[in-house]
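S.K.: my questions concern the predicted model and sequence given below.
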Number of protein chains: 2
Amino acid sequence: MNYAEASMKLHHEKRGKMELAPTVSLETRDDLSIAYTPGVAAPCEAIAKDKSLAYDLTIKGRFVAVVTDGSAVLGLGNIGPEAAMPVMEGKAILYKKFAGIDAFPICLATQDTEAIIATVKNIAPGFGAIHLEDISAPRCFEIEDRLSRELDVPVMHDDQHGTAVVVLAGILNALEVVGKSLESASVVISGVGAAGIATANLLLEAGATHIAMVDSKGIIAVERDGMNDTKTKMAARINAEGRTGSLAEAMVGADVFVGVSAPGIVTEEMVRAMAPGAIVFAMANPTPEIMPDLAKAAGAAVVATGRSDYSNQVNNVLAYPGMFLGVLEARTPRFTNAMRIASARALAAMVEEPTAEHILPSLLEGGAARIVADAVKAVV
Amino acid sequence: MNYAEASMKLHHEKRGKMELAPTVSLETRDDLSIAYTPGVAAPCEAIAKDKSLAYDLTIKGRFVAVVTDGSAVLGLGNIGPEAAMPVMEGKAILYKKFAGIDAFPICLATQDTEAIIATVKNIAPGFGAIHLEDISAPRCFEIEDRLSRELDVPVMHDDQHGTAVVVLAGILNALEVVGKSLESASVVISGVGAAGIATANLLLEAGATHIAMVDSKGIIAVERDGMNDTKTKMAARINAEGRTGSLAEAMVGADVFVGVSAPGIVTEEMVRAMAPGAIVFAMANPTPEIMPDLAKAAGAAVVATGRSDYSNQVNNVLAYPGMFLGVLEARTPRFTNAMRIASARALAAMVEEPTAEHILPSLLEGGAARIVADAVKAVV
């Protein structure tokens, strides 16, 4: 099927993918007097006295804002807020489909860090949580961090943590398949943007001790050229010895490769140089760092990609609907590392007997959101 | 029926009054590949090349943002953004019910004029139009004016223009009932806030020549104490002679009284002092400036209120859904006075033979939105 053509046709026919549906009757004068004036003054006054009642009497407790500035959309890059709408609508309807909660796309006409923070804070009263999406690094780190600290509703940048959670889940099962442990595994992460940094952080939190991160200039190290604040902070944490080198050099003897970088940059030689039982997560989209058949031919024991047409799809739709469902149900003010690790372990545990071709649950089987939400709530 | 009690029960049971409903199928892997990745890249790229395609390929062309800062909600005053949610949700679902278009409430955590303007501009890319609601005067005037000039989508403050349009419609028919003309009628407007100013402006645009406006200190005049910029500008336009005096003095000999002010401030004596065939619009909510039975006993020929339990309810739900439907269908960048007058005349014309008890169409009969939208489109 030509998905591009089918998608253009669908979007044109439907003029977007969602509608606003009233959940109350509006047929009679009494209906209007209850849902609207004069009756509506009663819930207004109740909330004016106790703001927390907004969770019980309005849509706040059920609605997530999906916020983007259109600066890093899919593999398309900085295409702006209007062009980002089809993706944000997609994210929003997947909430309803997989977690039964509601979400609304907010596409911003600014890419200024302070303006984004101010705008999201200003619209937050009507939402129970904030989902940041497709905001480019390194601005995404400060935006998420500041909003998490300055708002009383949970904030999560999905490109970071949604990805990191599903990668961790997949790696846990892949390590089980090859009989290795996260603590002793040597991990190479290619790509030091939003997803790469968050994945490194989460793997460290989960117990990993040997991580090298590689950008287009090679292994990140404090003294290297072409660093930024985020990279320097990470390098200080994972590369105390100041190791440098190319991607090929980093991959020699590695147990796990995690690619959130660029198409085709991993060769068969590089995979052959990895340790026996190599795990390759090649998640550049739509073309992976190395195609699964090549990676396997070069000796990789477990291969995952971001694609739905190969086994082991790393799809953050497995994570975010359930994670937001959990924080909304718990009415907790923020996401924590404990919640992210619990989410990953819960996803991993959904696969009863992991094999090389089956390390992650299937999205369409369903059930992931409820299981992830319960895992989140268990560690609030 | 106890509307307050019924409304609390309804809001609690439903946790707000709306949900987000996907309009596309999400059952199969192909469905997901068309509605979301990878297919969704096609509409994204199309819009990146031509922003106007957002109207055809996303929800932008169908969605109105209902924006408030919670500063002037119903008769409740400055209750803040969370407490304003039940009203904004109500406004939003009435769009769907009466005009078949979608709206979403945005309740702002700021009451600063510049911050409101910046925030609305920042969230505008995803919306086809902006409905401002329950923002207190005089800030509402600058906010609407600036946003109308600085955004490329239509912006309307409903408390101003929705009210003004329905009042003009009602007055046109009421004048027909008593055999007078707008051009020669003497009009007194009590209340110089958002609704009062907009009503005065629209009546003037429609041909009225004798208008006195009265606030809590009496008739507004350039040299009077307690004026502000908005009042001074209006006084210079309608009160060149610098007339001063009380509400009672203003009403002597008047043909039309329009109250958008405070409960019970009009006495039977004041109505008795009006010209024969007096028209009284007493729209303070929930208690009018004078109760209809008292106004009639004092000789008023036509009486209207904001209440659904008396005849001649002035309800701006008659106007705003159709006005926004019209500008969305026309894809015009702003509202104009011509559209407002056309809307009022179209509403007035819906009543084939106006009588003292029937000067406005009934909301629940339906049809007003389509008729108003067509009237708007005819003068784009």
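M.R.: In hand now; what should we look at? Numbers count the residues shown, from 1 in each chain, chains lettered A, B, ... in the order given.
S.K.: please count neighbours and contacts with C-alpha atoms only from this point.
M.R.: OK.
S.K.: quick check: residues of the stretch 151-300 of chain A near chain B?
M.R.: A:Pro286 (Cα under 8 Å from any Cα of the partner chain).
S.K.: list the contacts of the residue in the stretch 151-300 of chain A that chain B sits nearest to.
M.R.: Nearest residue of the stretch 151-300 of chain A to chain B (Cα to the nearest Cα) works out as A:Pro286 at 7.5 Å. A:Pro286 makes contacts with A:Gly75, A:Pro263, A:Gly306, A:Arg307, B:Pro38, as judged by Cα atoms under 8 Å, 6 or more residues apart in numbering or on different chains.
S.K.: buried members of the residues you listed into ChimeraX, please.
M.R.: Here is the ChimeraX command that selects the buried residues among the contacts of A:Pro286 (16 or more other Cα atoms under 10 Å in any protein chain shown):
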select /A:263,306,307 /B:38
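S.K.: redo the contacts of A:Pro286 as a markdown table? Include distance to A:Asn122, pLDDT and secondary structure.
M.R.: Supplementary listing: these in a markdown table, determined by distance: Cα to Cα, whole Å; pLDDT from 0 to 100; DSSP: H, G, I helix; E, B strand; the rest coil:
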| residue | distance to A:Asn122 | pLDDT | secondary structure |
| --- | --- | --- | --- |
| A:Gly75 | 30 | 82 | coil |
| A:Pro263 | 39 | 95 | coil |
| A:Gly306 | 35 | 93 | coil |
| A:Arg307 | 37 | 89 | coil |
| B:Pro38 | 33 | 90 | coil |
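S.K.: which of the contacts of A:Pro286 lies closest to B:Glu268?
M.R.: The closest of the contacts of A:Pro286 to B:Glu268 turns out to be B:Pro38 (Cα to Cα; 70.8 Å).
S.K.: which residue, neighbours along the chain excluded, lies closest to that closest one?
M.R.: A:Tyr3 (7.0 Å; Cα to Cα, 6 or more residues apart in numbering or on different chains).
S.K.: the one you found against B:Ile34, yeah?
M.R.: Yes - contact criterion Cα atoms under 8 Å: A:Tyr3 and B:Ile34 qualify, at 5.4 Å.
S.K.: who's more crowded, the two?
M.R.: B:Ile34 (29 against 21; other Cα atoms under 10 Å in any protein chain shown).
S.K.: before we move on, back to that, how close does the residue of the stretch 151-300 of chain A closest to chain B get to A:Leu74?
M.R.: Using Cα to Cα, to the nearest Å, we find A:Pro286 at a distance of 9 Å from A:Leu74.
S.K.: try A:Ser136
M.R.: Distance from A:Ser136 to A:Leu74, by Cα to Cα: 11 Å.
S.K.: okay, buried residues for the helix or strand of chain A with the lowest mean pLDDT please.
M.R.: Scoring the helices and strands of chain A by mean pLDDT, DSSP states H and E places helix A:29-35 at the bottom, with a mean of 94. Within helix A:29-35, the residues scored as buried using 16+ other Cα under 10 Å are A:Asp30, A:Asp31, A:Leu32, A:Ser33, A:Ile34, A:Ala35.
S.K.: that helix near chain B at all?
M.R.: Yes - using Cα under 8 Å from any Cα, helix A:29-35 reaches chain B at A:Arg29, A:Ser33, A:Ile34, A:Ala35.
S.K.: could those be laid out in TSV, adding distance to A:Val177?
M.R.: Converted to TSV, the residues of helix A:29-35 next to chain B look like this (distance: Cα to Cα, whole Å):
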residue	distance to A:Val177
A:Arg29	64
A:Ser33	62
A:Ile34	59
A:Ala35	56
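S.K.: and those, which is closest to B:Gly259?
M.R.: A:Ser33 (22.1 Å).
S.K.: contacts only, for that closest one.
M.R.: Contacts of A:Ser33 by Cα under 8 Å, 6+ apart are A:Gly39, A:Val40, B:Tyr3.
S.K.: swap the cut-off to 6 Å and go again
M.R.: A:Gly39 (Cα atoms under 6 Å, 6 or more residues apart in numbering or on different chains).
S.K.: what is the burial count for the residue nearest to A:Pro43 when sequence neighbours are not counted?
M.R.: Counting by Cα to Cα, 6+ apart, the nearest residue to A:Pro43 once its immediate chain neighbours are dropped is B:Met8, at 5.6 Å. Using other Cα under 10 Å, B:Met8 has 20 neighbouring residues.
S.K.: can you tell me the helix or strand for B:Met8?
M.R.: Element membership for B:Met8, per DSSP states H and E: helix B:3-14.
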